[in-house]
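Chemist: Fold the stuff below for me.
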Amino acid sequence: MKFPFFVLSTVIFLAGCQSTAFDLKDDVLFQQTIPVCTTDDECKKIWTAARQWVMKMTPQGLAIDTAERIQTRAADDESFNWETDITVSKVPLGNGQYQIIMETWCSMTINSCDTERRLMRRFNKDMARYVSSGQSQEVLRIFAKGDDINALFSSYAASLTEADLHKHARKYYLPTTVISGDNVRQLDSTDEVIAFLKETRARIGDGKIARIEAHDRQLLASGKTTTIVKLQWKFYDASDDLQYTQKATYNLVKVGKGWKIIFVSFDE
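Modeler: The predicted structure follows:
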């Protein structure tokens, strides 16, 4: 899953001397909202803010304070209730862009680390004000809605070109079941998915439709790796006039860090 203003981290390695590794690479909300600075001025502002944030959150002071790394002094073994080991790293992405990744330590052998998880998410949310307005709005939207499914449907509906059919087809987890009225079919290959998408596109008036949007999305059921979503597709022509609507229900499965379609039912 990819957003235009910030890039998702693929893996975060966390290691501590006094605790086991606390790894949030599977925390979708955290991964989606890692702040990225794109200019020198932006990077300076967020780095200053990150330093102040760390100093405010824990009292033990800094052991490392450089342009690439901020790290607190080790928490006292007897003060775990009010001291927290925190590290913030400036990780280059290329083209002058940097991820600002906050890490903390937690012993998952003795607790669930929920407090640390909330702290890391809070860092991302608090830093959103120091990045570009577009990225900030997207980060706050994700925190407000608490989901990452929008990425699937927004990119799925981005355009209707031939090349995009192949991109859309990769969003299906095969085999996929499609129900439309009394018609039930199973799509077993990417080619079959593409054929299905072409049929759908032709049925709604291929030449007239310039864009489609997903509206009125409802989560009917949700879990870590599966979810059920109901929504309404709206199809617009080049003059931005609504031409067609279609209600659909999707069963989604989490594969890696993104959602894929495993079942879809269209209301007639």
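
Chemist: which intervals of the stretch 101-250 of the chain have sub-threshold pLDDT?
Modeler: Along the stretch 101-250 of the chain, the parts satisfying pLDDT under 70 run over 107-112, 145-151, 154-162, 204-207, 217, 219, 222-224.

Chemist: Strands of that one, residue ranges please.
Modeler: With DSSP state E, counting those that start in this stretch as the criterion, the stretch 101-250 of the chain has strands at 172-180, 183-187, 209-222, 226-237, 242-255.

Chemist: ok, now how distant is the nearest residue to residue 248 once chain neighbours are set aside from residue 216?
Modeler: Residue nearest to residue 248 in three dimensions, not counting chain neighbours: residue 266, with 5.1 Å by Cβ to Cβ, 6 or more residues apart in numbering. Yep, even glycine has a C-beta here, placed from its N, CA and C like the rest. Taking Cβ to Cβ, to the nearest Å as the measure, residue 266 falls 15 Å from residue 216.

Chemist: okay, those two: which has more neighbours?
Modeler: Higher neighbour count among residue 266 and residue 216: residue 266, with 15 against 11, using other Cβ atoms under 10 Å.

Chemist: I figured that one hits residue 245, correct?
Modeler: No. Residue 266 lies out of contact with residue 245 (Cβ atoms under 8 Å); the separation is 11.3 Å.

Chemist: Just the residues contacting stretch 60-67, thanks.
Modeler: Outside stretch 60-67, the residues within contact range by Cβ atoms under 8 Å, 6 or more residues apart in numbering are 47, 51, 54-55, 70-76, 83, 90.

Chemist: Just the ones of those in strands?
Modeler: The members of the contacts of stretch 60-67 that map onto strands under DSSP state E are 70-72, 90.

Chemist: And these, which two are furthest apart?
Modeler: 72 and 90 (16.1 Å; Cβ to Cβ).

Chemist: higher neighbour count, those two?
Modeler: Higher neighbour count among residue 72 and residue 90: residue 72, with 24 against 18, using other Cβ under 10 Å.

Chemist: The more buried one and residue 58 touch, don't they?
Modeler: Yes. Contact between residue 72 and residue 58 holds when scored by Cβ under 8 Å: they sit 5.8 Å apart.

Chemist: if we can go back for a sec, what subset of the contacts of stretch 60-67 is buried?
Modeler: 47, 54-55, 70-72, 75, 83, 90 (16 or more other Cβ atoms under 10 Å).

Chemist: The closest residue to residue 210 other than its chain neighbours: neighbouring residues, count only.
Modeler: Once flanking residues are discounted, residue 210 sits nearest to residue 238: 4.4 Å by Cβ to Cβ, 6+ apart. By other Cβ under 10 Å, 10 other residues sit near residue 238.

Chemist: how close does residue 238 sit to residue 83?
Modeler: From residue 238 to residue 83 the distance is 60 Å (Cβ to Cβ).
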